[in-house]
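In: Attaching a predicted model along with its sequence, questions to come.
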Amino acid sequence: MQSFKDLSLKINNGVFGKDSTNNEGRIVVTTPDNEVCATCFGTGFDKERVQSCQTCRPSTEENRRKVLLEKIPSRYRGVTLENLEPWPNLHPAQAQHINYMRSNPSATYCICGKNDTGKTRFLYALYDHAVRTGRNVFVSTLFEIIEAIKKSFDDPVAARKVFSLHMADLSQTTFPYSIFIDDVAMARPTDFVAERFFDIVNRIYVHKHQLVVTTHIDTEALVDHFDQADGSYGLGIARRIVNEGTAILRMF
């Protein structure tokens, strides 16, 4: 069976390399050198002892950080919370937003605004911080997530791996995740998109993982956007993105 971590690796072109199955039928995530730790199977965590893997942690953590940072698009590579500068020509509130992010890097965020106001730059500055502080991270656009799920249906076995655990890594609190999803309102809101996205944000919300999203529409419009499907998911999705714990950074 395959967890959300495995799905994230597939979408991010195999952060630790290709995945395979060992003799016990467990999913194994290999390192870029195709070497796998017998204790943590390349994840960096010893789940049996519920702690960081003491076998390979020192060597794999540096490599893990390097590979994850390489997933940042070249346009935003090198942007950190520390060196993030406000661009008032894009929006006058940027300085205020940056100060808040620096003080609250682990908060949940909905970064909304017009195109070309710096939303994705903010997202990757927060992502960079999460990677460098050792958090479990996942970054993607919603469109890429949906496309990865759709492609899995070409192989029934792969489809069962993706959905059999119902994204189990998001259904636990032992290892908190930081989830970064860019352009949540760009994927066409079909029934399939709304259903799968609700499943993702619901698990993030219930188990208190960090969620950072960007959108070109305001928070109130998220309900109508996802209700274009069958009218069942818009309010549920919006409430799980924007709730009592969400910092809303508006740049309209």
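Out: Right, received. Where do you want to start?
In: What segments of the stretch 151-252 of the chain are helices?
Out: According to DSSP state H, counting those that start in this stretch, the stretch 151-252 of the chain carries its helices in the segments 156-163, 191-206, 219-226, 234-241.
In: Could you tell me the least trusted of the ones you listed?
Out: Among the helices of the stretch 151-252 of the chain, helix 156-163 has the lowest mean pLDDT, at a mean of 50.
In: quick one: low-confidence parts of the stretch 51-200 of the chain?
Out: Across the stretch 51-200 of the chain, the ranges flagged by pLDDT under 70 are 52, 56-60, 155-167.
In: which residues of it fall in strands?
Out: 51-52, 108-113, 136-141, 177-182 (DSSP state E, counting those that start in this stretch).
In: May I see the ones you listed arranged in a markdown table, with distance to residue 97 as well?
Out: C-beta: built from backbone N, CA, C; applies to glycine. As requested, the strands of the stretch 51-200 of the chain are arranged in a markdown table below (distance: least, Cβ to Cβ, whole Å):
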| stretch | distance to residue 97 |
| --- | --- |
| strand 51-52 | 33 |
| strand 108-113 | 8 |
| strand 136-141 | 19 |
| strand 177-182 | 16 |
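In: For those strands, give me TSV that also has distance to residue 120 and mean neighbour count.
Out: Formatted as TSV, the strands of the stretch 51-200 of the chain follow (distance: least, Cβ to Cβ, whole Å; neighbours: other Cβ atoms under 10 Å):
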stretch	distance to residue 120	mean neighbour count
strand 51-52	31	14
strand 108-113	8	24
strand 136-141	9	22
strand 177-182	6	23
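In: Mind splitting this protein into its structural domains?
Out: Following the assignment in automatic domain parsing, the chain carries domains at 1-71, 73-251.
In: centre of the chain versus the last one, how much separation?
Out: Counting by Cα atoms, centre = their mean, to the nearest Å, domain 73-251 is centred 6 Å from the centre of its parent chain.
In: Quick one: end-to-end length of it, please.
Out: 22 Å (Cα to Cα, to the nearest Å).
In: how many other residues sit next to residue 146?
Out: Residue 146 has 18 neighbours, counted by other Cβ atoms under 10 Å.
In: was I right about it contacting residue 194?
Out: No - at 10.3 Å, residue 146 does not count as touching residue 194 under the criterion of Cβ atoms under 8 Å.
In: what residues are up against residue 69?
Out: By Cβ atoms under 8 Å, 6 or more residues apart in numbering, the contact list for residue 69 reads 77, 128, 131, 132.
In: if you set the cut-off to 10 Å instead, what comes out?
Out: Residue 69 is in contact with 77, 78, 124, 127, 128, 131, 132, counting by Cβ atoms under 10 Å, 6 or more residues apart in numbering.
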